[in-house]
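Participant: mind looking at a prediction? Sequence and model below.
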Amino acid sequence: MSGTSLKISLEKVSKLFGKVCAINTVDIEFAPGALTTLLGPSGCGKTTLLRLVSGLEPATSGRIWFGDEEVTHLSATRRDVGMVFQSYALFPHMTVAQNVGYGLKILNAAAADIAARVKEALEMVAMDGFQRRFPNELSGGQQQRVAVARAMVLRPKVLLFDEPLSNIDSKLRRSMREDIRRLQQASGITAIYVTHDQAEALAVSDEIIIMRQGAIEQKGPPQSLYHRPATAFVANFIGESNVVAAELGGQSGERWLAIGETYLDVSHRADLPVENGPVQLSLRPEFIEIVSKEAADESRRTALAGTIVQSAYMGAVYEYAIQTPVGRIFTRAPATGTRFQRHQPVDLRIQPDEVIVIPESVPDSPAA
Amino acid sequence: MMDTDWRAPGEIGPWVILSWVLIALGAYGGLPWVALEYGLGDFTPDEWLSALGWHHHRATFALPLTIALLTPLAWGRASGRLRGWLLTLSSGLILIGVLTFFLATRGAMGLGAGVVVLCLTALLAVGFSELGFQRGDCFIAGAVIFVVTLVVVFIFFPVWQIFRHVLMDKAGALAPFTFFRIITSFGVGRVIGNTLLLAVSVATATTICGLIFALYAVRATTRLRYLIRIFYILPIITPPFVVGMSLILLFGRAGMVNDALVFLFGPQGLFIPEGGAPLFERSGYIYGFTGIFLAQVLSLTPVSYMVISGMLASVNPAMEEASLTMRAGRWETLWHVTLPLLRPGIANAFLLNLISSAADFGNPLVLGGEYDVLSTEIYFSIAGAQLDFAKAAGLGLVLLTLSLTVFYIQKRWVGERSYVTVTGVETAGNVTPLPKGLQRSMTLFVGVWFLLVGVLYVSIFLGGFVKQWGADYTLTLAHHLELWSKGFSSGAWPSFIHSLLYALVAAPLTTLVGVLVAYILTRKQFLGRGIIDFGTVLIFAIPGTVTGVAYILAFNTPPIELTGTAAILIITMAIRAMPVGIRGGMSALSQISTSLEEASLLQRAGSRKTIRFVLLPLLKPTIISSMAYSFIRAMTTVSAVIFLATAGTDVATTYILSRVESGDTGVAVAYGSVLILTMLIFTLLVQLVTGRARTERQTRTH
């Protein structure tokens, strides 16, 4: 739809609310045509960052670029962005057609033109035929589709999504996010998507930016964030993870990770830090297998011993919390197998290849 | 901030600057620069001509020249900032020049000068916005500057005049002891004591009555409660002193109650044996504390009813149900759960009526007798031949301080203590009915109340149709004929038409400004927001009599000489009614999500278009009801206008009061009843129209 996709860049952008620093000297580039997600806990500044890009909030310092054009001082009205709000923000006193055609009317388009463009936009979100309804006659999902159509009808340079699915029930959310993804890819408009839901972020994004306390924690494609989190914070935030303290030891050719009394053989892994010493590990539940307590004690244990403290039936899986010498470990097992009971001693087998090693000290701005 | 080019949202085209310049030049050329001797309603062409700026004073030639110099700026696309600075500085300088001219020549500003000042302010706003004020939003910058100017000229300046008259003597020298002298002078202590005693008693009584009414309306199971929901309209549409008048009809020296008591217990009464001493003598017991107290309780209870019932309705029934499940009976639940939950509402009602009682002017004037309170004392120190402005200002200052203090307590302390959590979650559960015995006694109380109110209003309407209340109950049309059939230039018509006319102008004006203030206060952050904030506090808290005094002090002399004109009455009415618009606008705006406005901004609509296409349609119901209510308030206000109305500009309320003072109760009551009837019809019409609009929308959308 749009001619060329634009790169959006922020240059040392900060935002202060009074004395509170919401965004702290952020440098980012949003790749042209890509959908980039801003992910983080509430209060991390992701929505503020989105609003700085939209122009609804002026930056305290720094510069913002849409392609080669600096927009730092352009007001929201002149920045040429489309935004989908968490609350949909459909005008309650206007019909669907009037809502979608609002911007066109403001730009003094001809009535016939408006109708045609509105129809086209509504077809895109499969809402054609609803033109004469009022927002309060639509379901939440339908309202959100109209909001998407309205954001896209003016073919903006940037599409912004502010937690667009958080008011929609979970079943519908899945199909809505696929629709948003499809529309964004078809249009080729650079998009920024704010969410606090990591599953949603993993599903829709080309790239994810994890934010924490007004700064960028890590940026990268979903897979790399999941498999190679740079910090314990990221490991915890993306997917589920057990972060435990460990020690890296041995020489090249024969290296090991010590988790308490348990030793994992990581000799063949090339991605480990060269230095030996204390490290943090992130253990994903899917790479931890629970087995019944082995009878014989080995001299060098390869499994982590523990006791089941919680066991919950979740339908497809059992979820367990296991108390181990290095802390409580969370994992699951298919519900097709036997269920371990509370207080039952078990062994945890950890796949050495899938253990994520996080360096103890984390550089301030991690490389993408 | 940055060295880049600034582009404002509604980018200021040449026509904006050009049109303001042209209007200013036109006003200078064709409208009276100095005030006309007899106002805009009455002038000869010669007077008009001599009042024109270029005719009046040579110094004014500087004005068109300097303003014309601004014209090139309309097209100048000088690097953004420069134009902003040029506009701001030059229009600011010219503005200062104009004001200095009037101060130096001690002339009174005319309409033309007013328009020129307005245009210059607008140009100043354009300049400010180009400098980045309000993020370069010219429309909002203009609105903010406009509101700040209004607040400064019509609130701060008059209030300052009160201070000035207290702090300085006539020569302008500092006289710090004037206030002390006034406060300690004979009788003032008693007046303040009277005011406080009355206010506290009235506030206590109205709070208890309001609580009873609220509990009854929300919780009782009888039919009578439906009547309550309409009873609060009556005081709104009734001019404040009419209740007092009707009390005189009922309880006055020649009132019905006295008649009946004399008939029964007086000399030669039915129950008094021949030659026995009478148990009752005709007396004026209603005049003084009793009368004012009764009148104020009757007219202020609906206020506390509304405050408390609003809170009661939002109490989550589940809390009371929880109490009931814990073996507490209805009495215990009411006492230990419901009432404590209502505490903020009760405190709020108490404080609001404390202010209202102290500020009330009409009832003490009509019923006061020997019992003098601050508001009447202020009036009497100016009215008639006294003209003791320092005393009026001093007493006004006391009343204002009292009112501001209470208002401040109400805002800070009560306003933020609400136990009622609005979560948006539908609350299920049934409300707990009242204990049986309580409901029965309340029914009695409410019944007696309605009976009294009913008799009062009937007596008002009948009072206009009898020859001489208390002496001769022959039915007659004489009073109404005297009022309405002597042509449009005498009797009641001039004042009635004035009232209608002024209120019709004031209502949209005050609503517009009120909603604008509400918008700025709820949506905008900027330097100097505190000025507007404090201005609104003053508007809310300032008693009418104080406004009256302050306006007389402020606008009786150049440069802004407005006394005697219709304009001052319209402005006063607008200021008196402004809380309506502000309150309505604030509550409506707080329910409109800001993301709607943001969505509109992102659809390329600037703030002007956003307000026009998004906010105004959504605010329409609020605007209509605010306008209606402002109109009613403007029609019924008396406290401030009584200081400012003159023979040529008297309004309905002041006319009625003057007839009361000259003893023509019949005529006054006749006029009062017509006024109430007009308001009632008007209210019903408005409710019909807005009600229909609402149902139409509902049928359309469901």
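Facilitator: Cool, the structure landed.

Participant: quick one, helices of the stretch 1-150 of chain A?
Facilitator: In the stretch 1-150 of chain A, helices defined by DSSP state H, counting those that start in this stretch lie at A:46-54, A:96-106, A:111-124, A:140-153, listed in chain order.

Participant: residue closest to the middle of chain B?
Facilitator: B:Arg576 (2.6 Å; CA atoms, centre = their mean).

Participant: doesn't A:Pro156 lie inside a strand?
Facilitator: No. Using DSSP: H, G, I helix; E, B strand; the rest coil, the secondary structure at A:Pro156 is coil, not a strand.

Participant: separation between it and B:Glu597?
Facilitator: Distance, A:Pro156 to B:Glu597, using CB to CB, to the nearest Å: 18 Å. Every residue, glycine included, has its C-beta placed from N, CA and C.

Participant: between these two, point out the one with more neighbours.
Facilitator: Counted by other CB atoms under 10 Å in any protein chain shown, A:Pro156 and B:Glu597 do not tie: A:Pro156 has more neighbours, with 24 against 21.

Participant: got the phi and psi for that one?
Facilitator: For A:Pro156, the backbone dihedrals are phi -70, psi 170 (criterion: degrees, to the nearest 10).

Participant: then A:Gln341?
Facilitator: Recorded main-chain torsions at A:Gln341 are phi -100, psi 160, according to degrees, to the nearest 10.

Participant: list the contacts for it?
Facilitator: A:Ile308, A:Ser311 (CB atoms under 8 Å, 6 or more residues apart in numbering or on different chains).

Participant: could you measure from it over to chain B?
Facilitator: To chain B, A:Gln341 is 38 Å away according to CB to the nearest CB, to the nearest Å.

Participant: for the residue of the stretch 51-200 of chain A found nearest chain B, which non-adjacent residue is spatially closest?
Facilitator: Nearest residue of the stretch 51-200 of chain A to chain B: A:Gly103, at 3.4 Å (CB to the nearest CB). Nearest residue to A:Gly103, sequence neighbours excluded (CB to CB, 6 or more residues apart in numbering or on different chains): B:Gln603, at 3.4 Å.

Participant: one more: B:Gln439?
Facilitator: B:Ala220 is the one closest to B:Gln439 (CB to CB, 6+ apart), at 5.5 Å.

Participant: show me the contact partners of the longest helix along chain A.
Facilitator: Looking across chain A with DSSP state H, the single longest helix is helix A:170-187. Contacting residues not belonging to helix A:170-187 are listed as A:1-2, A:35, A:124-125, A:140-141, A:144-145, A:148, A:152, A:155, A:159, A:161, A:164-165, A:168, A:191, A:193, A:200, A:203-204 [CB under 8 Å, 6+ apart].

Participant: again, only using 6 Å
Facilitator: A:Met1, A:Leu35, A:Gly141, A:Leu165, A:Ile168, A:Ala191, A:Glu200, A:Ala203, A:Val204 (CB atoms under 6 Å, 6 or more residues apart in numbering or on different chains).

Participant: pairing partners for the second one in the sheet, please.
Facilitator: It stands for A:Leu35. A:Ala191 (DSSP bridges).

Participant: where does the stretch 1-150 of chain A dip in pLDDT?
Facilitator: By pLDDT under 70, the low-scoring segments of the stretch 1-150 of chain A are A:1-3.

Participant: for it, what lies in contact range of chain B?
Facilitator: A:56, A:73, A:75-77, A:83, A:85, A:87, A:89, A:91, A:93, A:102-103, A:106-107, A:134, A:136 (CB under 6 Å from any CB of the partner chain).

Participant: repeat that with 7 Å
Facilitator: A:54, A:56, A:58, A:70, A:72-78, A:81-83, A:85, A:87, A:89, A:91, A:93, A:102-103, A:106-107, A:134, A:136-137 (CB under 7 Å from any CB of the partner chain).

Participant: ok, of these, which come out buried?
Facilitator: Buried members of the residues of the stretch 1-150 of chain A next to chain B, scored by 16 or more other CB atoms under 10 Å in any protein chain shown, are A:54, A:56, A:58, A:70, A:72-78, A:81-83, A:85, A:87, A:89, A:91, A:93, A:102-103, A:106, A:134.
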